[in-house]
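Enquirer: Dropping the sequence and predicted coords here.
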Amino acid sequence: MSSVLTFALVGALGFGVDWLLFNSLLLLDAEPRAARLIAFAVAAATTWCGNRSFTFSNRPAQPKLRQLGRYGLMAITSAVPNLAMFNGLTLLLGQSWWALQVALVAGVLTGMVSNYVISERWVFPQQAR
């Protein structure tokens, strides 16, 4: 299976975690942006585990803490376009349930491109650095 397809499957799992936690927190009356940040952090940890175990399992082994640190930096970097899209769409569309779902999906898709490029080249490089 290609790394892009596996990355997409792991990303789909991360999206499921993100969506489920985000909506669970909304049901608990959490502020939408706080719910978004918490759900994003948990989803990022989920995808790191999945990408380390499946997508890039053929790459040279690296110390877990160093790799997790790089993944965290990658997630923060990719959070910028993700959350910018989310915030922009919520300002434009409002905060109805449907508007929040559209903003969530658009944000995740926006961040996915930078996630793959940075993961493939820096977090899980072909050669250990």
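Expert: Here it is on my side, so go on.
Enquirer: Low-confidence ranges, this structure, go.
Expert: Counting by pLDDT under 70, the ranges of the chain that qualify are 128-129.
Enquirer: going on from the longest helix anywhere in it, what's the next piece of helix or strand?
Expert: When the chain is parsed with DSSP state H, its longest helix is helix 64-93. In the C-terminal direction, the helix or strand that comes right after helix 64-93 (DSSP states H and E) is helix 97-118.
Enquirer: now the angle from that next one to helix 64-93?
Expert: 140 degrees (axes from the mean of the first three to the mean of the last three C-alpha atoms, to 10 degrees).
Enquirer: From the contact counts, what lies against helix 97-118?
Expert: Helix 97-118 sits against helix 3-27, helix 32-50, helix 64-93, with contacts defined as 3 or more C-beta pairs under 8 Å, 6 or more residues apart in numbering; DSSP states H and E. To be clear about C-beta, it is placed using only N, CA and C from the backbone, and glycine gets the same treatment.
Enquirer: Of the ones you listed, which stretch is the most buried?
Expert: Across those, averaging neighbours per residue (mean count of other C-beta atoms under 10 Å) puts helix 32-50 on top, at a mean of 19.
Enquirer: contacting residues for the residue lying closest to residue 72 once chain neighbours are set aside?
Expert: When the adjacent residues along the chain are set aside, residue 72 lies closest to residue 44, with 7.4 Å between them (C-beta to C-beta, 6 or more residues apart in numbering). By C-beta atoms under 8 Å, 6 or more residues apart in numbering, the contact list for residue 44 reads 14, 71, 72, 75.
Enquirer: Please render the residues you listed as CSV that adds distance to residue 32 to the earlier fields.
Expert: CSV is the format used below for these (distance: C-beta to C-beta, whole Å):
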residue, distance to residue 32
14, 19
71, 25
72, 23
75, 20
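Enquirer: Of those residues, which is the nearest to residue 96?
Expert: For residue 96, the nearest member of the contacts of residue 44 is residue 14. The distance, counting by C-beta to C-beta, is 24.8 Å.
Enquirer: Is that closest one in contact with residue 46, as I believe?
Expert: Yes - applying C-beta atoms under 8 Å as the test, residue 14 and residue 46 come out as touching, 5.0 Å apart.
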